[in-house]
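K.L.:
Got a predicted model here, sequence first, then my questions.
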Amino acid sequence: MGVEFVFYATVVAYAGATALFFHYLAKPAGRATAGRVGPRVLGLAAVLHATYVCLASIIANVCPVKSIHFVASIAALLATGLYLAMRRRWNIDALGAFVAPVALTFVLGSRFVGVADQGIGGGFLALHVTVNVLGDALFFLAGGTAVLYLVEERRLKQKRAPSVFGKLPPLDALDRAEHRFLLTGFPLLTLGIITGTAWAHRIETGSPAELARAIFAFCTWVLFAGVLVLRALLGWRGRRAAYGTIAGFLFAIAVLVVYLVRGSLGGSGVAT
Amino acid sequence: MIVVVGLSHREAPLEIRERLAVEGDGVAGLLRALVRSPAIREALCVSTCNRIEVYAVGQQDSDEHVFAAAEAVQTALVELAGRNGSQGVVPYLRTHVRRDAVLHLFRVASSLDSLVIGEPQILGQVRDALETAKAAGSIGKYLDRATNRALHVAKRVRSETAIGEGQVSVASVAVDLARQIFGELSGRTALLVGAGEMAEGAAKLLVKAGAKLLVVNRSPERARQLALDFGGASRPWEELDAALVQADVVIASTSAKGFVVTRAMVGKAMKARRGRSLFFIDIAVPRDVDPAVNDIDNVYLYDIDNLSNIVAESMQGRRAEAERAESLVQHEANVFETWTETLGVTATIVALRAKVRASLAAEVERTLTGRLKHLTESDRKALETMIDAAVNKLLHTPTSRIKALASDPRGDDLVKALHHLFDLTEAVREIDAAKAPDASRNEDDKGTGQAAPLGQGSSPPAASGDIVPLTSARERETMGR
């Protein structure tokens, strides 16, 4: 009963934070309160979310990173935590308008798609899931930042006055933040792919879902590697990097979706 | 008699306006050429980055002369565009005549016709236009009075309405945009290419925000002076390409006729910059930066229209004040129109007063040399004063009524009747001849005392929407009377 209460409180807090961030962005002036309160409500949502994950995993008697049910939920929680930690330093306050609704979606999604008590065995696999979840959280932030970049870049190119998206962060701040999220997430993704490949060799199930997940994961890696390498070598930044990041993020989401769907269908929950 | 021909931001995009861009000696030359034309007696040119308009006064008040003046101005503007290497400005030219032209001048000076309503620069620009016309010898009684009245109206608008409050300048918008791209500007480099007043304003704000300043100018002395003023560094003109690699914000405001920053230059600079964002503020007219650079990734180009539009959008709340200012300007235009109309009866009034005074003076003089020859000098002076007072008293009511009927069709009958009854025709002809056109003359109504009072309550202003292409104006049977 207590866990249920915390879960719904988390949902309400994420929903409230979403509304506040959108309100903050939608009003060109005089809505500073929403801008101040939004991150606080999101922080409260993150605390409730962490409490829910701890309580639920204790009740289910399963380590969170070993549960399909918790994987997406934890990715959203980590992304929220990272955003709250970096929002001021990197001047990316408005990213909350992306983080809050997506976190809400993941919390609800993990509740109704995953199977709560399905454990994944082995410390090796736990490492694999942990790095992937951390990586997903970072890519999730990178993807959101890239979307905001494209919105702001389009407005500036078309010479429109700041209106609905008047409080978006400066373009360079978004570009830098996106690059940093990607740069941090990429080694985790690489480690996730290495551990996932090794594990896949060990169990050799070769199901179509696993194959699809492996292909999507490699596509994600290639895309992110391309974005980082082209930026370093040819100075591809801004719009091109944003498109590459969003494409990579969509593949990362595809991996997660295949993982969750398979889990809900009662598979082994092996992640690549 | 007054006509204005020109174009502004309302009907002509920047690429058209820049074809007619002219300043300083160019304006004086244009005005001198206009008053050499047999159709034009007076001329004034208001040339800013948002408009070029020539106000002209024809030789006489008839429709024919007004059309001739408008045509002469249009021809001069087309020639000017031709000298700048461009054609095709005619469809954008707009013409206003008589009261509408005066109203337009008042609205322009009051910044009601500006892209950014309430902006303060236009007042100085109209004042400069008047000074240039005076220096060129193209201003006369009518335009001098109209322009001074426009300046007076503009000051009234600024003091009696809140139209100029909370002003957002083009320079501050440019700096805000730079912040939307780069965030904090401290440590960034701003490059000033050329130096206009607005560019210096933007550079000042950027430096205040912490940016370092680089100045590139065709005149090395000017570059050094500007760099010194803002605590920056100067570079020779030949190093513009290298400066583009170094800069984050580029403010271009040269008076060059063509692009000084091309797409190829920026493309090359962006490779060397490894994709770092570059923001161009082009406030020159004609433009300095090729508009195609905006298509390059991570390059943002804003010209004067783009910036002004953003400023205008941010000041929608000024509409109510603009409406108040509009009614004030309409009233002033009516007042001026009444003064203009009294100009037509001035000669009759002067002749009538002269005739009456001369008759009385002749009779008194005859008496003074006869029965009253014993009067002292002071007595004679008292008599002279009495004659003046009698003339004023006697003619006060007729003078007022003639002026009041100046804008009425019955006024012509009254004037004709006076000419006939008092035999004024010859005297009026002599007075008109004495007022022969002289463009270099710049005098007011001092001495006559007849036309100075500005009347009140003339006919209501004509409906708006009177902006018509010259060709249409020619076809109009009546011209705004």
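P.N.:
Structure's in. What do you need?
K.L.:
what number of residues lie near residue B:131?
P.N.:
Neighbours of residue B:131 under the rule other CB atoms under 10 Å in any protein chain shown: 11. Where C-beta positions appear, they are placed from N, C-alpha and C, glycine not excepted.
K.L.:
what does residue A:214 give?
P.N.:
18.
K.L.:
In this structure it contacts residue A:207, no?
P.N.:
No. Here residue A:214 does not reach residue A:207: they are 10.5 Å apart, not a contact under CB atoms under 8 Å.
K.L.:
which residue sits closest to the residue in the stretch 101-250 of chain A that chain B sits nearest to, ignoring its sequence neighbours?
P.N.:
At 3.0 Å from chain B, residue A:235 is the closest residue in the stretch 101-250 of chain A, using CB to the nearest CB. Distances taken as CB to CB, 6 or more residues apart in numbering or on different chains place residue B:274 nearest to residue A:235, at 3.0 Å, with adjacent residues excluded.
K.L.:
tally of neighbours for that neighbour?
P.N.:
Neighbours of residue B:274 (other CB under 10 Å): 14.
K.L.:
So what touches stretch A:170-185?
P.N.:
For stretch A:170-185, contacts defined as CB atoms under 8 Å, 6 or more residues apart in numbering or on different chains pick out A:82, A:86, A:90-92, A:95, A:134-139, A:141-142, A:145-146, A:148-149, A:152-153, A:156, A:168-169, A:224, A:227-228, A:231, A:237-238, A:241-242, A:245, A:248, B:179-183, B:277.
K.L.:
and these, which are buried?
P.N.:
A:82, A:86, A:90-92, A:95, A:134-139, A:141-142, A:145-146, A:148-149, A:152-153, A:156, A:168-169, A:224, A:227-228, A:231, A:237-238, A:241-242, A:245, A:248, B:180-183, B:277 (16 or more other CB atoms under 10 Å in any protein chain shown).
K.L.:
related to what we said a few turns ago, now do the same contact list for the residue nearest to residue A:235.
P.N.:
A:234, A:235, A:237.
K.L.:
which residues touch the second one?
P.N.:
Contacts here follow CB under 8 Å, 6+ apart; on that basis residue A:235 touches B:271, B:273, B:274, B:275, B:276.
K.L.:
Can you add pLDDT and secondary structure and give those residues back as a markdown table?
P.N.:
As requested, the contacts of residue A:235 are exported to a markdown table (pLDDT from 0 to 100; DSSP: H, G, I helix; E, B strand; the rest coil):
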| residue | pLDDT | secondary structure |
| --- | --- | --- |
| B:271 | 90 | helix |
| B:273 | 90 | helix |
| B:274 | 87 | coil |
| B:275 | 86 | coil |
| B:276 | 90 | coil |
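K.L.:
quick one on the thing from earlier: strands - which of the buried ones among the contacts of stretch A:170-185 land there?
P.N.:
Of the buried ones among the contacts of stretch A:170-185, none are assigned to strands by DSSP state E.
K.L.:
By proximity to chain A, which residue of chain B wins?
P.N.:
For chain B, CB to the nearest CB, closest residue to chain A: residue B:274, 3.0 Å.
K.L.:
Look up phi and psi at that residue.
P.N.:
phi 50, psi 40 (degrees, to the nearest 10).
K.L.:
dump the residue contacts of the closest residue to residue A:152 other than its chain neighbours.
P.N.:
Excluding the flanking residues, the one nearest residue A:152 by CB to CB, 6+ apart is residue A:168, at 4.5 Å. By CB under 8 Å, 6+ apart, the residues touching residue A:168 are A:25, A:94, A:148, A:151, A:152, A:174.
K.L.:
So of those, which two are at opposite extremes in space?
P.N.:
Pairwise distances across the contacts of residue A:168 peak at 13.9 Å for A:25 and A:174 (criterion: CB to CB).
K.L.:
Name the residue in the two with the higher neighbour count.
P.N.:
residue A:174 (29 against 22).
K.L.:
How is the more buried one classified with respect to secondary structure?
P.N.:
helix (DSSP: H, G, I helix; E, B strand; the rest coil).
K.L.:
For residue A:157, give me the pLDDT.
P.N.:
Residue A:157 carries a pLDDT value of 91.
K.L.:
For burial, what's the neighbour tally of it?
P.N.:
15.
K.L.:
Check residue A:108 too.
P.N.:
So residue A:108, with other CB under 10 Å, has 17 neighbours.
K.L.:
what's the strand or helix carrying it packed up against?
P.N.:
Secondary structure from DSSP states H and E places residue A:108 in helix A:96-113. Identification of packing neighbours for helix A:96-113 by 3 or more CB pairs under 8 Å, 6 or more residues apart in numbering or on different chains; DSSP states H and E yields helix A:2-26, helix A:32-60, helix A:68-86, helix A:123-157, helix A:239-264.
K.L.:
Next, see if the first one gets close to chain B.
P.N.:
The one in question is helix A:2-26. No. Helix A:2-26 lies out of reach of chain B by CB under 8 Å from any CB of the partner chain, never closer than 14.2 Å.
K.L.:
need the next SSE after the lengthiest helix in chain B, C-terminal direction.
P.N.:
When chain B is parsed with DSSP state H, its longest helix is helix B:319-369. Next in sequence after helix B:319-369, counting helices and strands by DSSP H and E, comes helix B:377-404.
K.L.:
What are the boundaries of the helices in the stretch 1-150 of chain B?
P.N.:
Taking DSSP state H, counting those that start in this stretch to define them, one finds helices in the stretch 1-150 of chain B at B:14-17, B:25-36, B:63-83, B:98-109, B:121-136, B:141-160.
K.L.:
Return the set of buried residues in the helix holding residue A:108.
P.N.:
Within helix A:96-113, the residues scored as buried using 16+ other CB under 10 Å are A:96-104, A:106-111, A:113.
K.L.:
Kindly report the residues of the stretch 151-272 of chain A close to chain B.
P.N.:
Counting by CB under 8 Å from any CB, the residues of the stretch 151-272 of chain A that sit close to chain B are A:152, A:156-157, A:159, A:161-162, A:169-173, A:175, A:231, A:234-240.
K.L.:
Try it again at 6 Å.
P.N.:
A:156, A:159, A:161, A:170, A:171, A:172, A:173, A:235, A:237, A:238, A:239 (CB under 6 Å from any CB of the partner chain).
K.L.:
Turn the residues you listed into JSON lines, columns for distance to residue B:220.
P.N.:
Converted to JSON lines, these look like this (distance: CB to CB, whole Å):
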{"residue": "A:156", "distance to residue B:220": "34"}
{"residue": "A:159", "distance to residue B:220": "34"}
{"residue": "A:161", "distance to residue B:220": "38"}
{"residue": "A:170", "distance to residue B:220": "35"}
{"residue": "A:171", "distance to residue B:220": "35"}
{"residue": "A:172", "distance to residue B:220": "33"}
{"residue": "A:173", "distance to residue B:220": "37"}
{"residue": "A:235", "distance to residue B:220": "33"}
{"residue": "A:237", "distance to residue B:220": "35"}
{"residue": "A:238", "distance to residue B:220": "35"}
{"residue": "A:239", "distance to residue B:220": "38"}
